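K.L.:
Give the three-dimensional model of this entry:
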Amino acid sequence: MKLLIALLLFGLLLVLCWPLALLFLVAWPFLWLLSIPFRIVAALLEVMLAVVGAVLMLPFRLSGLGR
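P.N.:
As a prediction, this is how the structure comes out:
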């Protein structure tokens, strides 16, 4: 469904302003490559927060209070 919406929006952009659509088509792979480090950092932060949460909840889970 996301792909269909993206294609419809791109088609609309192509009809309304084709130079902008072509620029977007050329720039998209470079923007995707630039976003990779941010995705890696976000994944690492998510894992670190999950570990901290698990360590903080460990005493409650061992005592049976954290059900």
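
K.L.:
how far away is the spatially most central residue of the chain from residue 50?
P.N.:
The centroid of the chain falls nearest to residue 39 when counting by C-alpha atoms, centre = their mean (6.5 Å). If you measure residue 39 against residue 50 using C-beta to C-beta, to the nearest Å, the figure is 17 Å. No exception for glycine: its C-beta is placed from N, CA and C like everyone else's.

K.L.:
the helices in the chain, which residues?
P.N.:
2-16, 18-63 (DSSP state H).

K.L.:
got the ones you listed as CSV, with mean pLDDT columns?
P.N.:
Output for the helices of the chain, formatted as CSV (pLDDT from 0 to 100):
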stretch, mean pLDDT
helix 2-16, 92
helix 18-63, 94
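
K.L.:
Tell me, how many residues neighbour residue 24?
P.N.:
By other C-beta atoms under 10 Å, the residues close to residue 24 number 14.

K.L.:
Now it. Nearest residue, chain neighbours left out?
P.N.:
Using C-beta to C-beta, 6 or more residues apart in numbering and skipping residues adjacent in sequence, the residue nearest residue 24 is residue 13, 7.0 Å away.
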